[in-house]
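**Q** What would the 3D arrangement of this be:
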Amino acid sequence: MGNLPVHMARWSARHPWRAIVGWFVFVVLCLGAGAALGGHAATADDFRVGEAGRAEAIAASGGLEQKGVEKVLITARSGELDGRAADAAARDVVTRMRGLAEVADVADPLYNAGRTAVRVDVTLKGAELDAKNHVDPVLAQTAQVAKAYPALRVEESGGGSISKDVQGQRGDDLSRTELIALPVTLLTLLLVFRSAAMATVPLLVALTSIAAAIGLSMIASHAFPDAGVGTNVILLIGLAVGVDYTLFYLKREREERARAGGRLGSQELVELAAATSGRAVVVSGLAVAASSATLYLADDVIFSSLATGAIVVALAAVVSSMTVLPAVLVKLGVRAERRAERRARKGKVRTPREQRQGGGRLVGAVLRGTARRPAATLAVGVLALLALAAPLGGLKLTDIGRETYSRGLPAMQAWDRTNQAFPEQTSMNQVLVKADPGQAGAVAAALRDVAARAKADPVFAGTSTLRTSADHRVTMLELGVPAYVSSDRAHTSLAHLRQDYLPSAFRELPDPEVAVTGDIARFADYPAHQKTKMPLIIGALLLVTFALTVWAFGSLVVGLLGVLLNLLSAGAALGVLTLVFQGSWAEGALGFTSTGSIGSRVPLFLFVILFGLSMDYQVFVVSRIREAVLRGESTRKAVLDGIGSSASVVTSAAFVMVTVFASFVGLHLIEMKQIGFSLAVAVLLDAFVIRVMVLPAALLLLGERAWYPSRAVRRARAAAAAAEDRQPAASTANVG
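**A** Residues are numbered from 1 along each chain as shown. Now for the predicted structure:
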């Protein structure tokens, strides 16, 4: 693996046009293959977890699974509702909807208790998840009725219409994010390289890597179904690591070019960059991919989609940096050499600009302080990170409900008004019982007893519906709750059912299969499922990170240090996330409404991705230090020189990453806000605290022990000692 980047760079440097054309052909083939096969979207079966998932499987076995339901609400625009006009509009809705091929059933119009609103429930054909694919004709007919009755407010909400609106808003958000992130990234690269051509290369490589990854993810979805989040993570991670990997490579090539002073050609310079930064890029990409792969252990389709997206885009970025990037650098280098020759013939010799090795005055000052007092610096850095991580002790995880969606969406405005008019429909508990057909009567009697107890319980709405499958094996009881799924009232209703009503109601029946689902149970069971998987995933993540670091540097000490630093960085970032988003003090600044909790998927996803991204800087910086050690320098000098020489590129890379991640804070979906914010904070801490203070301080204190038991370092030390022994001997011989 150590020679692979050099071999590939050498071939690309010698055949640049073949490499460039080959890469673009590869990208087109990936997109073409993905489009030809099509993506495989996750089905309802793939989303089932916990008891709620078992209940949904029971319902499906009896043909009682949840369908996509759109609720058409008719209210007055002002004043009291005109009953005659409302009746006419409702009949019009029923007639229109029953004529649609996408509709399976239309319920009779239903007035609320105060007769201020009338509702028509429209059940769509197909599974609940497919509702967004069938909802357009229904929305069109609702719009026609609204146009025909201008004095009334006729609107529609439901799983399909809400998903459609959220999906459209997410697409608009991502487009706006790209409009912000791409120009800022390009401007940063222009400041770094002071060359339009060199600044454009990282963006082109990153964008083509993203394109290839999108095609590959569509192919991979046939093994790991797509939950609809894969493209988001490809864009989020792809732009960041794609630019970073290219930046590491480009900066090293320019350093070698400046150091060579014209004595080496472009091909040789590219090979030198491949042997150093190229290897670091490969290790970093493998670290992101391997870390992300631990998410498959979550046994959850959403995490599988996130893992697949992160893996394919990280590997695509690595392949592009090993193939097309060396070829582009050679072509740009040859062009620069020809310009230099033309200037030389005209007598206009330009002195090469010295490459700036430091990361600026601030970084230099901090590094000098670290060198003087490593123990104090280490203590201050670790204590500061632990203080930032402290809010994790109060972390509260919940699934993200619809109440967190933007109220600027028409479907969400209709959803709010529907819940206000029909509060008993706000949330639902669904009790599923599977038993022998001969027990159907006893099961129904037990569920009616549960319904009676729920009616007397103030946490429930007092409404219930009982249904039985055609084969009498499955019975379902639906109980309404007039509260959002995230509320204490909703959670209390679920607890009463599972812990009290159902155990007592079915105590006498011989082994019926009983489970509770519904939106309340899903909301509660998903975080619980993640908590059971978290120790396994974190354990695997720590092991993978440790093994990769030891493999890369041959040092158990560096491997253990890398794991500890990654834990500090990730813990601090998640602590800041908890502090900001579980409170309300930052709502105005960041544009969100606090739920008093963090999305249940967010910490685990962030923890894994942060470990992978932290390896970028860890591998790059420690590689520079190890290079100096292998040249025979002392560990102290190697640490200071390595940190100093890599500070500028780490700072530039961090600024690019922060820009990309921070742009996601502007999205409407609160989970994406939380992810973008936390990633931006983590990169800042990693680049400016871990790599400038904590890492060098720890390595300075460890000294030569840091490389235990690296054979390569021992050989370098032995060679340096032998050279020192030979030098005095040679001097004595000359004197004699």
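
**Q** Domain map for this structure?
**A** As recorded under automatic domain parsing, the domains making up the chain are 1-38+195-347, 51-164, 366-392+554-717, 426-524.

**Q** do you know which of these lies nearest residue 533?
**A** Closest to residue 533 of these is domain 1-38+195-347 (CB to CB; 4.8 Å). Backbone N, C-alpha and C define where each C-beta goes, glycine included.

**Q** And the closest one, how far out from the chain middle?
**A** Remark: domain 1-38+195-347 is offset 20 Å from the chain centroid, using CA atoms, centre = their mean, to the nearest Å.

**Q** Show the average pLDDT along it.
**A** The average pLDDT within domain 1-38+195-347 is 87.

**Q** for stretch 142-160, same thing?
**A** Across stretch 142-160, the average pLDDT comes to 95.

**Q** Determine how far it lies from the middle of the whole chain.
**A** 37 Å.

**Q** Between its first and last residues, how far does that stretch reach?
**A** For stretch 142-160, the first-to-last residue distance is 14 Å (CA to CA, to the nearest Å).

**Q** in this structure, which spans are strands?
**A** Residue ranges of the strands in the chain, as given by DSSP state E, are 69-76, 103-106, 110-111, 117-124, 152-158, 397-398, 427-434, 464-468, 474-481, 513-517, 598-599.

**Q** mind listing what the second one pairs with, with the direction of each?
**A** Going back to what we said before, that points to strand 103-106. According to DSSP bridges, strand 103-106 forms sheet pairs with strand 117-124 (antiparallel).

**Q** So for the partner strand, what gets flagged as buried?
**A** In terms of neighbour count (16 or more other CB atoms under 10 Å), strand 117-124 has its buried residues at 117, 118, 119, 120, 121, 122, 123, 124.

**Q** now the residues you listed in a markdown table, with pLDDT and distance to residue 249?
**A** Below are the buried residues of strand 117-124 laid out as a markdown table (pLDDT from 0 to 100; distance: CB to CB, whole Å):
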| residue | pLDDT | distance to residue 249 |
| --- | --- | --- |
| 117 | 96 | 62 |
| 118 | 97 | 65 |
| 119 | 96 | 60 |
| 120 | 97 | 61 |
| 121 | 96 | 59 |
| 122 | 96 | 56 |
| 123 | 95 | 56 |
| 124 | 94 | 51 |
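
**Q** and which of these is nearest to residue 692?
**A** After measuring the buried residues of strand 117-124 against residue 692 - CB to CB - the closest member comes out as residue 124, at 56.4 Å.

**Q** Got the phi and psi for the nearest residue to that closest one once chain neighbours are set aside?
**A** Nearest non-adjacent residue to residue 124, counting by CB to CB, 6 or more residues apart in numbering: residue 68, 4.1 Å away. Here is the backbone geometry of residue 68 (degrees, to the nearest 10): phi -70, psi 120.

**Q** again, but for residue 456
**A** phi -90, psi -10.

**Q** Let me know the pLDDT of it.
**A** Reported pLDDT for residue 456: 94.

**Q** just to revisit the earlier point, let me have the buried residues of strand 117-124 in JSON lines, adding distance to residue 145 as columns.
**A** Shown next, in JSON lines, are these (distance: CB to CB, whole Å):
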{"residue": "117", "distance to residue 145": "15"}
{"residue": "118", "distance to residue 145": "12"}
{"residue": "119", "distance to residue 145": "13"}
{"residue": "120", "distance to residue 145": "10"}
{"residue": "121", "distance to residue 145": "15"}
{"residue": "122", "distance to residue 145": "12"}
{"residue": "123", "distance to residue 145": "18"}
{"residue": "124", "distance to residue 145": "17"}
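
**Q** closest to residue 196 among those?
**A** residue 124 (52.2 Å).

**Q** quick one: contacts for that closest one?
**A** By CB atoms under 8 Å, 6 or more residues apart in numbering, residue 124 lies in contact with 67-70, 102-104, 130-131, 134-135, 138, 160.

**Q** what's the closest of those to residue 22?
**A** residue 130 (39.9 Å).

**Q** For that closest one, the count of nearby residues, please.
**A** Other residues near residue 130 come to 19 when the count uses other CB atoms under 10 Å.

**Q** now residue 229
**A** The burial count for residue 229: 22, using other CB under 10 Å.

**Q** do you know which of the domains of the chain lies nearest residue 540?
**A** Each of the domains of the chain has some distance to residue 540 by CB to CB; the shortest is domain 1-38+195-347, at 4.5 Å.

**Q** and which of the buried residues of strand 117-124 is nearest to residue 26?
**A** For the buried residues of strand 117-124, the residue nearest residue 26 by CB to CB is residue 124; the value is 40.7 Å.

**Q** Report the separation between that closest one and residue 100.
**A** 9 Å (CB to CB, to the nearest Å).

**Q** Adding distance to residue 406, write the domains of the chain out as JSON lines.
**A** Below are these laid out as JSON lines (distance: least, CB to CB, whole Å):
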{"stretch": "domain 1-38+195-347", "distance to residue 406": "17"}
{"stretch": "domain 51-164", "distance to residue 406": "11"}
{"stretch": "domain 366-392+554-717", "distance to residue 406": "4"}
{"stretch": "domain 426-524", "distance to residue 406": "16"}
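
**Q** nearest to residue 413, of those domains?
**A** domain 51-164 (7.3 Å).

**Q** and the end-to-end length of that closest one?
**A** Span of domain 51-164 from end to end, CA to CA: 28 Å.

**Q** Residue 149: neighbour count?
**A** Under the neighbour criterion other CB under 10 Å, residue 149 is assigned a count of 18.

**Q** thinking again about what came up before, between the buried residues of strand 117-124, which sits nearest residue 257?
**A** Using CB to CB, residue 124 comes nearest to residue 257 of the buried residues of strand 117-124, at 62.5 Å.

**Q** tell me the contacts of residue 332?
**A** 197, 198, 201.

**Q** Just the buried residues from the residues you listed, in PyMOL please.
**A** In PyMOL syntax, the buried subset of those is picked out as below (16+ other CB under 10 Å):
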select buried, resi 198+201
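
**Q** Using CSV, lay out the contacts of residue 332 together with distance to residue 704.
**A** Shown next, in CSV, are these (distance: CB to CB, whole Å):
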residue, distance to residue 704
197, 43
198, 39
201, 39
